[in-house]
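A.B. asks: Here is my input, please return the structure:
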Amino acid sequence: MLIRKVKKKRINRVLNPWIRDLIDDYKVAGDLGVSSNLSVRLGKEVCVVCKGSRLLCGKTRCPLLLRVSYYLKTMPMIRERDLSGSSPPGVFIGRIGYPYVYAGPLVPPINEDTTVFDLPEFWFGKTIDEIVGFRSMLVRGMHRVNVRKPERADKILDLTRDLALSSLCVDVELKFKDRPKKRIVLSDDVQPFGPSALINHMNIDSSKWDRRIEKAYYDGDLKASEAVLYLYDQGVLVSRIQRAFSVGAFGIEKQRRLVPTRWSITAVDSIISNDLIDKIKGYPEINEFRVYESTYLDNRFVVLMVPGKWSYESMEAWYPGTIWNPYSGFTVMLSDWEGYHGRTEYAKIGGCYYSARLAVAEKLAEERRQATVIVLREARPGYIMPVGVWQVRENVRNAMRQRPMKFDSLEEALAWIRGRLHIPLEKWIENSDLLRSLIYQRRITQYLKGLKT
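C.D. replies: Numbering: from 1, shown residues only. Model prediction:
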């Protein structure tokens, strides 16, 4: 199997202004403020020749036809410029044109219990057709706002915030400027949704807020990061914290800002995992080598835990024919890592790095242990389209719920991993920083043992 390692190319960028206003933790600011650029040249002629029937891109199914098929099922339900339905509740804050972005509700054209439509924690095990099916029904209402001045926004934003903080489905009525239209966007940072249109008018039934989120909202002296940690400790689902974070519900009252949805997802994953990691560093090390596994939506995750001080690496291998590597004949491998003292720059592999880090940190914090952790992910051709970074978080969480294989040595653990992944182990080692260090760098404890013998 041909494998190509993507060359590292960093682009320094000024910190996003909302970070300075909301978060005083430099680690979180680093997680979001600097990005890397990965350019992939696509064979534009392939889709024209294929037309979804010959699968020339190497995928097992055509993702465009899948999205279009559900679009065609949704549009007959939206005949006019008016829409009435039960929001899960769901909202979306865009990022294009920042600080002037489009914000608004996600509303399906049905009146029933749609809670699961916007709760990724309950999606694990569902087929990609099921996920695309109910997500495609969520019509996005758009209203232009200035993220830095939410207090000056009109009634539509106030209602959108009320919706975001609700704990139950809310009946919503929308009047659009034009009939909603569909623009197919493939992004692994956010979940897919259906047609969209600009809002003229919005009305919602009374919403019942989660009392825990309500408490954080009305505390104008509580920092945003402190609110996130308080709600997580209170058992609020991560996806609900992310939703409230995005509508500017947290932070010092005069500094509150709207946060684009894709940024809020990574920000919350980062805030929670950094806090867990700080606790983990005070715990004893695990005393055996562990291997956890999980496979979902043709994403294979193998997690290696090694006795040692906290450090973490996330590695991804994208097969030819997968969404981010559609036309090359090579498997593209990406990796990023952090040592005991963490990192101050955004991970090259994006939000998936922080979602997986949260899942493994939760496990170690639960056991009150620390370890060196390496997450290996094979994204295979059956993963025909991105459904959001929740897939990584819940896949690794599922791995952490399984009983691990335990070994007495790194060599035994790696021998087991060799048989669990399609890509040769040597390629993982070649592209890894932590694995190479574990294999080739002798520890002082090994030296001391040699003296004793």
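A.B. asks: For burial, what's the neighbour tally of Thr322?
C.D. replies: 26 (other CB atoms under 10 Å). Backbone N, C-alpha and C define where each C-beta goes, glycine included.
A.B. asks: hey, what's it bridged with?
C.D. replies: Going by DSSP bridges, Thr322 is paired in beta bridges with Asn325.
A.B. asks: Hmm, it is touching Glu378, no?
C.D. replies: No - using CB atoms under 8 Å, Thr322 makes no contact with Glu378, being 9.6 Å away.
A.B. asks: quick one, longest helix in this protein?
C.D. replies: helix 261-280 (DSSP state H).
A.B. asks: which other helices and strands contact that helix?
C.D. replies: Applying 3 or more CB pairs under 8 Å, 6 or more residues apart in numbering; DSSP states H and E, one finds that helix 261-280 contacts helix 26-33, strand 91-93, helix 224-233, helix 238-246, helix 351-367.
A.B. asks: Can you mark which positions in the last one are buried?
C.D. replies: Pointing back at helix 351-367 there. Under the neighbour-count criterion of 16 or more other CB atoms under 10 Å, helix 351-367 has 351-365 buried.
A.B. asks: Out of those residues, which is nearest to Pro307?
C.D. replies: Leu364 (12.2 Å; CB to CB).
A.B. asks: For that closest one, which non-adjacent residue is closest in space?
C.D. replies: Once flanking residues are discounted, Leu364 sits nearest to Ile280: 5.0 Å by CB to CB, 6 or more residues apart in numbering.
A.B. asks: Count the neighbours of that neighbour for me.
C.D. replies: Applying other CB under 10 Å, we find 22 residues neighbouring Ile280.
A.B. asks: pretty sure it is touching Glu362, no?
C.D. replies: No - Ile280 lies out of contact with Glu362 (CB under 8 Å); the separation is 10.0 Å.
A.B. asks: how much space between the residue most central in space within the chain and Ala267?
C.D. replies: Compute the mean C-alpha point of the chain, and by CA atoms, centre = their mean the closest residue is Val389, 2.6 Å away. Distance, Val389 to Ala267, by CB to CB, to the nearest Å: 12 Å.
A.B. asks: Kindly report the same for Tyr383.
C.D. replies: Applying CB to CB, the value for Tyr383 to Ala267 is 25 Å.
A.B. asks: wait, what's in contact with Glu411?
C.D. replies: Residues counted as contacts of Glu411 (CB atoms under 8 Å, 6 or more residues apart in numbering): none.
A.B. asks: Make sure it is indeed in a strand.
C.D. replies: No - Glu411 is assigned helix when assessed by DSSP: H, G, I helix; E, B strand; the rest coil, not a strand.
A.B. asks: What's the per-residue pLDDT of it here?
C.D. replies: Reported pLDDT at Glu411 in the predicted model: 95.
A.B. asks: What residues of the helix or strand harbouring Leu438 count as buried?
C.D. replies: Element membership for Leu438, per DSSP states H and E: helix 434-440. Neighbour-count burial for helix 434-440, counted by 16+ other CB under 10 Å, picks out Leu434, Leu435, Leu438.
A.B. asks: ok, Ser84 to Thr261 distance?
C.D. replies: Distance of Ser84 to Thr261, given as CB to CB: 24 Å.
A.B. asks: More neighbours: the two, which one.
C.D. replies: Thr261 (23 against 13).
A.B. asks: give the contact list for the more buried one.
C.D. replies: If you count contacts by CB under 8 Å, 6+ apart, then Thr261 has Val91, Phe92, Ile93, Gly94, Arg95, Val190, Gln242, Ser246 around it.
A.B. asks: Good, wrapping up.
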